[in-house]
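Student: just to be clear, the model below is a prediction. Sequence and coordinates:
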Number of protein chains: 2
Amino acid sequence: MHSVEELAARLPEGRVVTDPDVIERYGHDEAEWAPYEPPLAVLRPRSAEEVRTMVRWCAEHRVPVIARGAGTGLSGGANATRDSVVLSFERMNAVLEIDPLERVAVVQPGVVNEDLRTACAAYGLWYPPDPASAPWSTIGGNVATNAGGLCCVKYGVTRDYVLGMQIVTGTGDLVRLGRRTAKGVAGYDLAGLLVGSEGTLGIITEITVRLRPRRPAERTVAGYFDSIVDAGRAVEAVVGSEVIPSALELIDRHCLRAVDDWKKLGLSVDAEVVLLGRVDVAGSVGEADAETMRACFEKSGATWSAVSTDETESEALFQARRLAYPAVERLGPVLTEDICVPVRAVPAMLARIEQIAQHHDTVIANIAHAGDGNLHPLLITSHDDEAARARAQAAFADIIDAALDFGGTVTGEHGIGLLKMPGLARELDPVAMAMHHNIKQALDPLGILNPGKVIPASLPD
Amino acid sequence: MHSVEELAARLPEGRVVTDPDVIERYGHDEAEWAPYEPPLAVLRPRSAEEVRTMVRWCAEHRVPVIARGAGTGLSGGANATRDSVVLSFERMNAVLEIDPLERVAVVQPGVVNEDLRTACAAYGLWYPPDPASAPWSTIGGNVATNAGGLCCVKYGVTRDYVLGMQIVTGTGDLVRLGRRTAKGVAGYDLAGLLVGSEGTLGIITEITVRLRPRRPAERTVAGYFDSIVDAGRAVEAVVGSEVIPSALELIDRHCLRAVDDWKKLGLSVDAEVVLLGRVDVAGSVGEADAETMRACFEKSGATWSAVSTDETESEALFQARRLAYPAVERLGPVLTEDICVPVRAVPAMLARIEQIAQHHDTVIANIAHAGDGNLHPLLITSHDDEAARARAQAAFADIIDAALDFGGTVTGEHGIGLLKMPGLARELDPVAMAMHHNIKQALDPLGILNPGKVIPASLPD
């Protein structure tokens, strides 16, 4: 019989926490209604060697180990089970190196996204991936979920910035994967495979990321629309132009009203839907791009549009986007969807979401990285209303079905975790699912790395 | 006892070729001195279903199957063995779809890189990866090796453009991996894992790639230098500036002389080393970027430098770069290296290569994607001179050692194939090598997919 005390004895003081109040807080991420139980213990390593000691103990005793960044996930990927340990990277939060010539940074997994950005800015450099959780979420968590964000539409996702990493394997070995040179094709892209694997194929203990030079100031283009269909057409027009926006965000009337009810910005008086685009090309070309984007808005039926280069004015416009999620959360528990469809299907998908909302008598607000076709329907329910919760969950499943019908995916950037496991089983061919199981078995033969997440612990017969 | 006639009987006419003269031509790629033998047969499928039939037969009879594009590889990755079949995609060369709004193309693996570019250009779109082999090499081969090229320094490599694919697995199943939406994190990145796997993890039968809008015309910046160290410093200066070049190529005196001896361009009279940079930003910003690049050349000791926007003039400047490899090949068999080092190490690495050339009495010419630190030392020998060949091979090994010493990789863009297997074993940690074997076993349990390439057929004890 094992006990976590035995593990604690192998480590310096303070690494193994069993205080029930503390443990409770580490039991889950921010996914609404994803199941969890308090873990056996919370582990707080200070080095990769300590992580290895922890994973070896887990391997010896077949104890599931769940890696955790800041717990801002929205799919339940970091949720604990009663017999598991949660390995929190909060004390491995150092930016180890920034190399301004090679444009790489080496970080511990617990570094907060915005802290890395700030550190890079001091060198005139920029780490692009910008999930909405950037002020809190960690690079380790971002890598584990292949986090996206607003600027992905131009600059790609976390995957596009990860060059290499150090991990502890499912058998407790410490190993480096990937590289730090600009190019490299030596062997299989195992570092890439680990990105987005949600802690099921290895525990990431260090990450090497590519950086970009800082970019020119952005111009913001705002458009107000009377209908979601017009806004969808505007998105299509921008994507079909030669402009590459550095952001193209949609906020619907439910979100605008929720923001207005909270912050009195008066947005919902003027618009049913707001589109916010950005362009970060310098000089007259950038100016022309912004005007092209505005023209796309206008010809698609915008009731008002404007270009702004003023930082304060732009920030005010983007405030509605940033406030949307917390504003909607004030209305009740929010089940956050994360589908991605072809851009062409955005208007039809938004219309389908409205139908699904009516059919299941559920309020569904929409924010979207519209330029990527990545929609975040927010299903709003009530506290202590089991029937409303059941209706929201049925709507959630219908939205996933619709996304697949439109040639989309069940998750654009939040990951599978627990909430999207049924969706993944529908999205993937059974052969692809079997390949997932074979890969899992190859890299985690003992089945201790976040078992039961992403794919079922065993393959269905 | 199997026979390829049995396979031929399962397929339409003309799919299985056993003519010895034909087979001989399909036995190897362009890697100098990598071992090969004629295969049992050459298979020329016309559909994914036919590929499946072929791989199933190979699985039944444990016949190794070696996928082949145009055979332009430089590592021996497509080389045959006596008991194998070569599966050539020359008849699966259709561009199946170009979607200008979603900016994706769906192609069969046998499509030639430049044919895809031409097809995209008709829609105002651009497929960036541009290996020097682009006029001949196929997208399937580019994906299998994760091919790079000149514009990688700004636009990334093949991996960055592959969204999804259809493959036949090692057990003869046809399956889709990846996606065609802009974002997507549904399950493990198996499509990404297949990129660069050199036919050892699956046979790619269809590929979905991302496209970009066409880009502005390029400005070319040329610089002549008296020494390789000055040129290396200029590369470092450009990379350290805020300019992102769309190409930054180096050509040394050996290449310049070889080009002059052939084409009488007179380049080697004026320069020991030529740097060619490009900038593809439009308008005054692009103009300023080109001037910044020229200033970097000048302050690093360029003896002459100039900016050109004239297409004809630019092409003439880049002609030396394109002619370098064929010009050097005129001098004798060429063993092509492909290391990638940190940009900071480029001058020191070039100096080390000169020492290695002297030490092994081997002429080593250099062309380099200098902005990426990706160097292609070209080891020139003589026909029928075994001693010279042995010296070149020793120099090849020493260059690999040096690249690893400088924190680089044994292959930047050509792949492991056969020639870099000893290098890979030195680059990878034994744990990472074991992970490679586990992945190979997971996806090719019968060991029929290009066995003995990239990693040894069995793990050393």
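Tutor: Good, I have the coordinates. Residues are numbered from 1 along each chain as shown, chains lettered A, B, ... in the order given.
Student: next up, the contacts around A:Ser150.
Tutor: Not Ser; residue A:150 is Leu. A:Asp130, A:Ala132, A:Ala247, A:Glu249, A:His369 (Cβ atoms under 8 Å, 6 or more residues apart in numbering or on different chains). No exception for glycine: its C-beta is placed from N, CA and C like everyone else's.
Student: which of the residues you listed sits closest to chain B?
Tutor: Chain B has its nearest neighbour among the contacts of A:Leu150 in A:His369, at 7.6 Å by Cβ to the nearest Cβ.
Student: strands along the stretch 1-150 of chain A, start to end?
Tutor: Ranges of strands in the stretch 1-150 of chain A, per DSSP state E, counting those that start in this stretch, are A:16-17, A:41-43, A:65-68, A:85-88, A:95-99, A:104-107, A:125-126.
Student: which one of the ones you listed lies nearest to A:Leu193?
Tutor: Distance to A:Leu193, taken as Cβ to Cβ, is lowest for strand A:65-68 among the strands of the stretch 1-150 of chain A, at 15.8 Å.
Student: may I have that closest one as CSV, with CA atoms only?
Tutor: Listed next in CSV are the C-alpha coordinates belonging to strand A:65-68 (Å, rounded to 0.1, in the frame of the first residue of the first chain):
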residue,chain,number,x,y,z
VAL,A,65,-0.8,12.3,-12.3
ILE,A,66,-2.5,15.4,-13.6
ALA,A,67,-0.3,18.3,-14.7
ARG,A,68,-1.8,21.7,-13.9
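Student: returning to what we had before: lowest-confidence entry in the contacts of A:Leu150?
Tutor: On pLDDT alone, A:Ala132 ranks lowest of the contacts of A:Leu150, at 91.
Student: and the closest residue to A:Glu272 other than its chain neighbours, how many neighbours?
Tutor: Counting by Cβ to Cβ, 6 or more residues apart in numbering or on different chains, A:Glu272 lies nearest to A:Arg253, which is 4.7 Å off, once chain neighbours are set aside. Other residues near A:Arg253 come to 20 when the count uses other Cβ atoms under 10 Å in any protein chain shown.
Student: list the contacts of A:Arg253.
Tutor: So A:Arg253 contacts A:Ser268, A:Ala271, A:Glu272, A:Val273 (Cβ under 8 Å, 6+ apart).
Student: in contact with the last one, which residues?
Tutor: Spelled out, it's A:Val273. A:Val273 makes contact with A:Tyr224, A:Phe225, A:Asp226, A:Ser227, A:Ile228, A:Asp230, A:Ala231, A:Leu250, A:Ile251, A:Asp252, A:Arg253, A:Leu256, according to Cβ under 8 Å, 6+ apart.
Student: what's the distance between the residue nearest to A:Glu272 and chain B?
Tutor: Using Cβ to the nearest Cβ, to the nearest Å, A:Arg253 is found at 25 Å from chain B.
Student: is A:Phe225 in contact with A:Glu272, as I believe?
Tutor: Yes. A:Phe225 is in contact with A:Glu272 according to Cβ atoms under 8 Å; the separation is 6.2 Å.
Student: now A:Glu249. Its backbone dihedrals?
Tutor: phi -110, psi 140 (degrees, to the nearest 10).
Student: apart from its neighbours in sequence, what residue is nearest it?
Tutor: The shortest distance from A:Glu249 to any non-neighbouring residue, by Cβ to Cβ, 6+ apart, is to A:Leu276 (4.7 Å).
Student: ditto for A:Thr381
Tutor: A:Ala388 (4.4 Å).
Student: how many neighbours does the one you found have?
Tutor: Around A:Ala388 there are 20 residues (other Cβ under 10 Å).
Student: and the gap between it and chain B?
Tutor: Taking Cβ to the nearest Cβ, one finds A:Ala388 at 28 Å from chain B.
Student: A:Gly412 too?
Tutor: Taken as Cβ to the nearest Cβ, the span from A:Gly412 to chain B is 4 Å.
Student: the closest residue to that residue other than its chain neighbours bridge partners, please.
Tutor: In space, not counting the residues next to it along the chain, A:Gly412 is nearest to A:Cys340; the distance is 3.2 Å by Cβ to Cβ, 6+ apart. Following DSSP bridges, A:Cys340 is listed with bridge partners A:Asn374, A:Thr409.
Student: swap in A:Thr138?
Tutor: Here A:Thr138, judged by DSSP bridges, has bridge partners A:Val112.
Student: what residues are up against it?
Tutor: By Cβ under 8 Å, 6+ apart, the contact set of A:Thr138 is A:Gly69, A:Ala70, A:Phe89, A:Asn93, A:Pro109, A:Gly110, A:Val111, A:Val112, A:Asn113.
Student: enumerate every residue touching the fifth one.
Tutor: Right, the one you point to is A:Pro109. By Cβ under 8 Å, 6+ apart, A:Pro109 lies in contact with A:67, A:69, A:89, A:92, A:138-141, A:143, A:204-207.
Student: and the closest residue to A:Gln166 other than its chain neighbours, which of the three is it?
Tutor: Counting by Cβ to Cβ, 6+ apart, A:Glu206 is the residue found nearest to A:Gln166 once chain neighbours are left out, at 4.0 Å. Secondary structure, DSSP: H, G, I helix; E, B strand; the rest coil: A:Glu206 is strand.
Student: A:Glu206 contacts A:Ala105, correct?
Tutor: No. Using Cβ under 8 Å, A:Glu206 makes no contact with A:Ala105, being 11.0 Å away.
Student: more neighbours: the two, which one.
Tutor: More crowded of A:Glu206 and A:Ala105, by other Cβ under 10 Å: A:Ala105, with 26 against 20.
Student: no more questions from me, cheers.
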